[in-house]
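*Asks:* Generate a structure from the sequence data that follows.
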Amino acid sequence: MTGPTRISDRGILLIVAGYALAFIAFGLAVDGPIEVARGLVEILTTRDALITDYFGIGGIGAACVNAGLLTLLACLVYERCGAAITGASVACLFLVLGFALFGKNLLNVWPIIVGVWLYSRFQGQSFASNINTAFFGVALAPIVSEILLSTSLSPVFTVPLALATALVIGFVLVPAAAQLFKAHMGFCLYNMGFTAGLIGVLVVAMYKAYGFVPEPVFVWTTGNNRLLVPFLGVILLSLIALGLWFDRDALAGVRQLLRVSGQAPTDFIAMVGIGATLVNMALAGAVGMAYVVVVGGDLNGPVVGALLSIVGFAAFGKNPLNILPVMLGVFLASLGKADSAADATLLLAALFGTTLAPIAGRFGWHWGIVAGFIHASAVQTVGQLHAGLNLYNNGLAAGIVASVLVPVIIAIQSRTQPQRVPPGPSGPESAAMDAAARNRV
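*Replies:* Sure thing, here's the model as predicted:
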């Protein structure tokens, strides 16, 4: 190996923007401009708490165009504010792309982002230093839509109330996320899901206390696999081709990534370069898609979003080896439940539950299975607390699981096998963590 392949921040943004454009082109090819425009109006004017599959609201074309346009705008914001593009940034942008298929849209994300900007100004910090938190933090974007589209209040009240609520949420995200990261010690990669979930619980509790009770939502489409499997296959193959084009030694870099735990913050781009990272993203995404196909699951907005979260976080902690045990744990848990592994909640739990991959990476595959097994039950309960208004419901559940399970694992291993419980990452993984520390999710 000649060393990690480095490209400019703008170059990485162009790669992400290219995939956003691919979603726009695919959406227009599937439904055409007129149908896409109609579908976008539907998406922007519909409540979108969990689970609201935009494929079922505005059609596949409009959902993909919404995802692509929102991601392009996010790339523009990153570029204009001069943010450093790290593995965390790539994970964040792919999360925007994925969740814009079922909850984030061109209207509801911006007030929360402005709230983070206001916090940055208040603290005398650059917005670039908190931009990942801003775009991860739009996990709570459904709160904006929920209040705006409420039928119980006049727009005279809903508009300022939605804006004020979102601005406050954005303002508190940065300090809250920094504090809550300590609870799970980086063993839950979706730290913002944990943070946003707890904030969402408080917001919902306050509104419920004053009589505003969000109605449950469930929109879940089926029958899209024959269209979406080839499209996603092309996306994954292009990631491999692009990675090998950037770095002929990319596979050696992937082998290096397979040996690290992935405990956050671990920036794979800083560790092995963009070439190996892109290949790892493709391989991890392929593992997730294979799981969906094997268990007989449906590809739709939420499931494609979950697959894109795996792809994105394969630049910041996930690899094919550390996600598999967690997915297996969720699958084993499904065998004893009334719901099958292909049902909505458990299918998403297996994919999004890979946020717990660092547990398998650091403590062994068997603990990864345990984490996945517990997560399968936790995620079916915690959504009620925030009424589906935190899109990263699995992040909240996983944050709770990691915060409780990891200290127990450490206590057990420190007594029975003290030599196998290192205090933290070392070597290149430690260096990558230091490089990424300012970009905690």
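*Asks:* Tell me how far the closest residue to Leu405 other than its chain neighbours lies from Phe331.
*Replies:* Distances taken as CB to CB, 6 or more residues apart in numbering place Ala371 nearest to Leu405, at 5.9 Å, with adjacent residues excluded. C-beta here means a position set from N, CA and C on the backbone, and glycine is covered the same way. The gap separating Ala371 from Phe331 is 13 Å, by CB to CB, to the nearest Å.
*Asks:* Give me the more crowded residue out of these two.
*Replies:* Ala371 (30 against 21; other CB atoms under 10 Å).
*Asks:* OK, contacts around that one?
*Replies:* Pro325, Val326, Gly329, Gly353, Leu356, Ile359, Ala360, Val401, Ala402, Leu405 (CB atoms under 8 Å, 6 or more residues apart in numbering).
*Asks:* same thing with Asn319?
*Replies:* Contacts here follow CB under 8 Å, 6+ apart; on that basis Asn319 touches Val254, Leu257, Leu258, Val260, Gly262, Asn280, Leu283, Ala284, Ala357, Gly361.
*Asks:* And for Ala350?
*Replies:* Tyr291, Val295, Val326, Met327, Val330, Phe331, Ala341, Gly372, Ala376.
*Asks:* Check which helix or strand it maps to.
*Replies:* Here Ala350 sits within helix 344-352, counting by DSSP states H and E.
*Asks:* May I have that helix exported as PDB, CA atoms only?
*Replies:* C-alpha atoms of helix 344-352 as PDB (Å, rounded to 0.1, in the frame of the first residue of the first chain):
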ATOM      1  CA  ALA A 344     -41.600  -3.300   9.200                       C
ATOM      2  CA  THR A 345     -40.300  -2.700  12.800                       C
ATOM      3  CA  LEU A 346     -38.000  -5.700  12.900                       C
ATOM      4  CA  LEU A 347     -36.700  -5.300   9.400                       C
ATOM      5  CA  LEU A 348     -35.800  -1.700  10.200                       C
ATOM      6  CA  ALA A 349     -34.400  -2.800  13.600                       C
ATOM      7  CA  ALA A 350     -32.000  -5.200  11.800                       C
ATOM      8  CA  LEU A 351     -30.700  -2.500   9.400                       C
ATOM      9  CA  PHE A 352     -30.700   0.600  11.700                       C
END
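*Asks:* wait, Ile400 sits on Ser377?
*Replies:* No. Using CB atoms under 8 Å as the test, Ile400 is too far from Ser377 to be in contact (11.2 Å).
*Asks:* coming back round to it: quick one: classify the residue nearest to Leu405 as helix, strand or coil.
*Replies:* Following DSSP: H, G, I helix; E, B strand; the rest coil, Ala371 is assigned to helix.
*Asks:* what does Ile274 give?
*Replies:* helix.
*Asks:* From the contacts of Ala350, pick the one nearest Phe316.
*Replies:* Ranked by distance to Phe316 (CB to CB), these are led by Val326 at 16.0 Å.
*Asks:* distance of the residue lying closest to the closest one once chain neighbours are set aside from Leu321?
*Replies:* In space, and not counting its chain neighbours, Val326 is closest to Gly372: 3.9 Å by CB to CB, 6+ apart. In this structure, Gly372 and Leu321 are 14 Å apart, going by CB to CB.
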